[in-house]
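Peer 1: Build me a model from this:
(one chain, ligands or ions: 1)
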Amino acid sequence: MTIATPSFATLLTEAVQKTRSVTCVGLDPRKANLPEPMRQAIAQDRPEEWAAAYTQFCCGIIDVVAGKVPCVKPQAAFFEQLGPAGMISLGEVVRYARSKQLLVILDGKRNDIGSTATAYADAYLGADSPWQSDSLTVSPYLGQDSIEPFVDVCDQRSAGIFVLVKTSNPGGGLLQNRETDGQSVFQRVAELLTELNKPRLDSHGYGPLGAVVGATYPEELAQMRQAMPHSVILIPGFGAQGGAADDVKVGFHAGGLGAVVNSSRHIIFAYQRPEYAEKFAGNAWQRAVEAATDDMNQQLNFCE
Ligand SMILES: O=c1ccn([C@@H]2O[C@H](COP(=O)(O)O)[C@@H](O)[C@H]2O)c(=O)[nH]1
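Peer 2: Got it, this is the predicted structure:
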């Protein structure tokens, strides 16, 4: 098996080491939360204008966090809400982030039967991808043959995936915690990721199959760290969903490797948080982004 080098896992580890940060900034633009100067005078039924505002807002965040964090995670849903204009904005944001040396984790939670999964893999991660994302979130619900097409593309290009293992939402357990043959569904998914990663490890011991495990389930996060020694874990749920530094530290290997922690609303809309609102009122929203990013970096000070 030939594997493209450096792999996505290697690039992410090196970016963590370079920035000394494990923070992933989530790019989840929402009309209602955009700073007033950007929202002003855009009518609800003007998707092109909203899309331009999303591009301006997200690129403004990227300008602030580039060099401070290893990666950003655009959430496709918010761009899709605007229709075709939103997808153009998403493409611009991905391109801009990469031009600023930020790795991009596109949060689309894609998957389908194998032949369609191949199309998704090519679309988002392939060499000729119009999106040129570095990695993509993927659902495991359709099974191993639906994950393999993504792994094939990861082998060919320095791309990675983050497979949903134990999500941060309160209702995720309904299916993910269901037990069969003495193990939960999420434990079985973790086992599969470890099997698929084993022949593809980089010099740090990580493979292209990362995992999503929520900060809101610290016990399961600790368990999953053990079960998936070769997966970089993407940990959402920090900040706005209640996850804290003590909850996520169990997701890391020594030296602050093996995981990144996502925060979206608490960073990008920091200017609206009570503790920042007064200091960063008016046009100072980017300074609030900077303060919130610095604060998160300080709280997650795991890098040796
Ligand atoms: O289990 C999951 C998987 C993905 N997400 C996504 O992460 C961000 C979280 O946003 P916050 O504002 O920091 O709560 C968002 O894009 C989710 O779709 C998740 O929260 N949990």
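
Peer 1: Helix or strand: which one has Glu206?
Peer 2: Small correction: residue 206 is Tyr, not Glu. Counting by DSSP states H and E, no helix or strand carries Tyr206.

Peer 1: ok, the nearest residue to it once chain neighbours are set aside - how many residues close by?
Peer 2: Using C-beta to C-beta, 6 or more residues apart in numbering and skipping the chain neighbours, the partner closest in space to Tyr206 is Ala9 (3.7 Å). Heads up, the C-betas are built off the backbone N, CA and C, glycines and all. Using other C-beta atoms under 10 Å, Ala9 is surrounded by 28 other residues.

Peer 1: what's the answer for Gly83, then?
Peer 2: Gly83: 13 neighbours (other C-beta under 10 Å).

Peer 1: who touches the helix or strand of the chain with the lowest mean pLDDT?
Peer 2: Ranked by mean pLDDT, DSSP states H and E, the helix or strand of the chain with the weakest confidence is helix 36-39, at a mean of 90. With contacts defined as C-beta atoms under 8 Å, 6 or more residues apart in numbering, helix 36-39 is touched by 31, 53, 56-57, 282-283.

Peer 1: mind listing the strands for the stretch 51-200 of the chain?
Peer 2: Under the criterion DSSP state E, counting those that start in this stretch, the stretch 51-200 of the chain contains strands at 71-74, 103-110, 135-138, 160-166, 179-180, 183-184.

Peer 1: do the stretch 201-304 of the chain as well
Peer 2: Taking DSSP E, counting those that start in this stretch to define them, one finds strands in the stretch 201-304 of the chain at 209-213, 233-235, 259-263.

Peer 1: Those residues of the stretch 151-300 of the chain touching the ligand, which are they?
Peer 2: 167-168, 212, 214, 236-237, 239-241, 262-265 (C-beta under 6 Å from any ligand atom).

Peer 1: Just read off the phi/psi values of the closest residue to Asn297 other than its chain neighbours.
Peer 2: Of all residues not flanking Asn297 in the chain, Ser21 sits nearest, at 4.9 Å (C-beta to C-beta, 6+ apart). The phi/psi pair for Ser21 (degrees, to the nearest 10) reads phi -140, psi 140.

Peer 1: which residues touch Ala288?
Peer 2: Contacts of Ala288 (C-beta under 8 Å, 6+ apart): 270-271, 273, 276, 279-280.

Peer 1: Equivalent analysis for Gly210, please.
Peer 2: By C-beta under 8 Å, 6+ apart, the contact set of Gly210 is 9, 135, 160-163, 231-234.

Peer 1: now, which of the residues you listed sits nearest the ligand?
Peer 2: Nearest to the ligand among the contacts of Gly210: Leu234, at 7.8 Å, using C-beta to the nearest ligand atom.

Peer 1: Identify the residues contacting Glu92.
Peer 2: Glu92 makes contacts with 55, 59, as judged by C-beta under 8 Å, 6+ apart.

Peer 1: Gly86 versus that one, what's the distance?
Peer 2: 11 Å (C-beta to C-beta, to the nearest Å).

Peer 1: Ok, Ala15 next?
Peer 2: Taking C-beta to C-beta, one finds Ala15 at 27 Å from Gly86.

Peer 1: Which one's more surrounded, the two?
Peer 2: Neighbour count, other C-beta under 10 Å: between Ala15 and Gly86, Gly86 has more, with 22 against 18.

Peer 1: Now intersect the contacts of Ala288 with the helices, please.
Peer 2: Counting by DSSP state H, the part of those found in helices is Tyr276.

Peer 1: Just the buried ones from the contacts of Ala288?
Peer 2: Those of these that meet the buried threshold are 270-271, 273, 276, 280, by 16 or more other C-beta atoms under 10 Å.

Peer 1: Serialize the residues you listed to JSON lines and add fields for pLDDT.
Peer 2: Shown next, in JSON lines, are the buried ones among the contacts of Ala288 (pLDDT from 0 to 100):
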{"residue": "Ala270", "pLDDT": "97"}
{"residue": "Tyr271", "pLDDT": "96"}
{"residue": "Arg273", "pLDDT": "96"}
{"residue": "Tyr276", "pLDDT": "94"}
{"residue": "Phe280", "pLDDT": "91"}
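
Peer 1: Please tell me how far Val94 sits from the ligand.
Peer 2: To the ligand, Val94 is 15 Å away according to C-beta to the nearest ligand atom, to the nearest Å.

Peer 1: returning to that earlier point: which of the contacts of helix 36-39 count as buried?
Peer 2: Using 16+ other C-beta under 10 Å as the burial test, these include 53, 56-57 as buried.

Peer 1: That's all I had, so thanks and see you.
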